[in-house]
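**Q** Attaching a predicted model along with its sequence, questions to come.
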Amino acid sequence: MSRSKLTAIQQAKVELAACFRLTAKMDMHESIANHFSVAVSDDGQQFLCNPQGRHFSTIKASELLLLDANNPDTMNQANAPDPTTWAIHGALHRDFADARCIMHLHPRYATALACLKDKTLYPIDQNAMRFYQRVAIDTGFDGMGLGNEAQRLSKCMGDKRILLMGNHGVLVIANSIAQCFDDIYYFERACRTLLDCYATGQPLDPVTHEVAEKTAQQWQDYGFDFGQQHLNELMAILDAEDSSYRL
């Protein structure tokens with residue numbers, strides 16, 4: 001493996017470890033549950049993910065597992081990942097070659113929306129408009145993400161890259177760690193605003209289809225790497241407080 005490839009993998013480890021710490025810091029975590037992964041091979045089949053039983057607030061870059069989506073003996077290894085990590089992320093990395101980063105969480109507001117009969121993220125502010133008609137909604141929850149359930153989730157994604165998992169949580173696929181974290185951060189904020197509006201008991205005031213789609217496209221064409229800048233700033237804050245995630 002080339003030196004540049006090794007350097008890229010180490011950078012991916014550091015960024016992914018930072019995202020675990022940040023998720024805990026922002027209280028979007030669920031202790032030792034939930035999981036993130038990032039593909040490190042060109043074909044997307046080899047990926048890094050969090051080790052089993054480690055709290056998000058303590059994960060370090062050196063602890064991340066390197067797995068192969070096509071290895072049937074993965075769960076028999078001494079350092080096997082959590083079964084749901086392997087089932088969901090293994091299936092998605094096998095099925096989506098362009099799934100460079102995958103993040104699955106049960107954050108408070110996205111999960112609350114996923115538990116409502118109407119799971120629609122209405123375009124009521126520009127954060128919600130960012131995801132207009134870009135979210136797949138799963139209404140067929142059938143137990144924890146194991147076996148057939150993991151394969152079913154993979155099919156639910158369709159051509160979308162954000163899946164609101166009914167009665168479960170949220171899953172995001174992106175072409176980089178920074179973009180994935182940025183998407184999940186803003187998706188959770190959009191869900192929070194929607195739930196806050198519901199709590200008032202007043203009617204929602206969504207914008208028109210034309211305005212919502214225009215705003216979503218503006219987010220997409222913003223003109224600079226907003227997600228990477230966002231992550232860089234957050235990592236600088238982490239470094240000032242506790243840089244042990246880099247070890």
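**A** Thanks, I have the structure now.
**Q** Let me know the secondary structure of the residue lying farthest from the centre of the chain.
**A** Of all residues in the chain, residue 202 has its C-alpha farthest from the mean position, at 31.2 Å, by Cα atoms, centre = their mean. Residue 202 falls in the coil class when you classify it by DSSP: H, G, I helix; E, B strand; the rest coil.
**Q** what do you get for residue 28?
**A** Of the three states, residue 28 takes coil according to three-state DSSP.
**Q** need the contact list for the residue most central in space within the chain.
**A** To find the centre residue of the chain, average its C-alpha atoms and take the closest one (Cα atoms, centre = their mean): that gives residue 103, at 2.3 Å. Contacts of residue 103 were listed using Cβ atoms under 8 Å, 6 or more residues apart in numbering, and they are 19, 36, 171-172, 180-181, 184. Yep, even glycine has a C-beta here, placed from its N, CA and C like the rest.
**Q** Can you give me the distance of residue 21 to residue 191?
**A** When distances are taken as Cβ to Cβ, to the nearest Å, residue 21 and residue 191 turn out to be 22 Å apart.
**Q** What of residue 157?
**A** Per Cβ to Cβ, residue 157 is found 19 Å from residue 191.
**Q** ok, those two, which is more surrounded?
**A** Between residue 157 and residue 191, residue 191 has the larger neighbour count (other Cβ atoms under 10 Å), namely 24 against 18.
**Q** Verify the stated contact: that one with residue 115.
**A** No: Residue 191 lies out of contact with residue 115 (Cβ atoms under 8 Å); the separation is 11.2 Å.
**Q** in which helix or strand would I find residue 15?
**A** Counting by DSSP states H and E, the element that carries residue 15 is helix 3-25.
**Q** Looks to me like residue 38 is in a strand.
**A** Yes: secondary structure assignment (three-state DSSP) places residue 38 inside a strand.
**Q** can you give me the helices for this structure?
**A** For the chain, the helices identified by DSSP state H occupy 3-25, 83-95, 108-114, 126-130, 148-156, 177-200, 209-220, 226-241, in order along the chain.
**Q** Quick one: mean pLDDT over the fifth one.
**A** Put plainly, it is helix 148-156. The average of the pLDDT scores along helix 148-156 is 76.
**Q** tell me what it is packed against?
**A** Applying 3 or more Cβ pairs under 8 Å, 6 or more residues apart in numbering; DSSP states H and E, one finds that helix 148-156 contacts helix 83-95, strand 136-138, strand 162-165.
**Q** The shortest one now?
**A** With contacts defined as 3+ Cβ pairs under 8 Å, 6+ apart, the secondary structure elements packing on helix 126-130 are helix 177-200, helix 209-220.
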